[in-house]
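A.B. asks: Okay, here's the prediction I keep looking at, along with the sequence it came from:
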Amino acid sequence: MNDYKLYQIEGLDQDELIWHIKMSRDKFNHIYRGILEHDTSFYYLYNFFTIAACNHHIYKLYNEMVKCMRDYNSDASWFQCWMNIHHQDEVLKSHSHGYPIHGYFSLTNHNTSTIFTDGHDGNEIYRIDNKPMQIYIGPGYRHHHVVVNEPYDDERITLGFDIQLEDAIVENFSFIPI
């Protein structure tokens, strides 16, 4: 039995979501101009759903993601969510997350897989073939990395998220209630 779940989201406008995510990256760059340029490593500075607020396409995505989070774990309390916008040579290397639950929403049509391993650069446990409008949710401490199965020239876009189940003091500014 798997300790992860996949969800396929229907009824959302993929092109609108891509546009709003890219606009949100530009908004991040404007807010931090001269100090930072958006990069996945700054995930702790914002929550995607606050930086992209006031749009019905984003609100529908938020509702769908929260529904999946609550289905995966009804105790879900807070989550942080960030943008991953990568060219093929920038996909994420092996890493894990310091929260009990981690997930991601695949938005764009790129032939990539996320490989989950039994440790940093360890043996493969399972692989997820990423599909547009798909949400993966599973254990947060499990190492994983992205592989490009077919080259691409544009940007691969996902939204990563972590879920915190218990009261905690965290250094991040990005958690919001579910």
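C.D. replies: Looks like it arrived, so ask away.

A.B. asks: where along this protein do the helices fall?
C.D. replies: Under the criterion DSSP state H, the chain contains helices at 14-31, 48-51, 56-72.

A.B. asks: Now do the contacts for residue 94.
C.D. replies: 117, 120-121, 143-145 (C-beta atoms under 8 Å, 6 or more residues apart in numbering). In short, each C-beta sits where N, CA and C put it, glycine included.

A.B. asks: let's see it at 10 Å
C.D. replies: Shown in contact with residue 94 (C-beta atoms under 10 Å, 6 or more residues apart in numbering): 115, 117, 119-122, 143-146.

A.B. asks: Equivalent analysis for residue 105, please.
C.D. replies: By C-beta under 10 Å, 6+ apart, the residues touching residue 105 are 7, 9, 17, 48, 61, 64-65, 68, 81, 84, 130, 132-137, 157-161.

A.B. asks: Kindly provide the distance from residue 31 to residue 16.
C.D. replies: Separation of residue 31 from residue 16 (C-beta to C-beta, to the nearest Å): 22 Å.

A.B. asks: Show me what the least confident helix or strand in the chain by mean pLDDT is packed up against.
C.D. replies: Lowest on mean pLDDT, DSSP states H and E among the helices and strands of the chain sits strand 176-177, with a mean of 90. Contact here means 3 or more C-beta pairs under 10 Å, 6 or more residues apart in numbering; DSSP states H and E; on that basis strand 176-177 packs against helix 48-51, strand 78-86.
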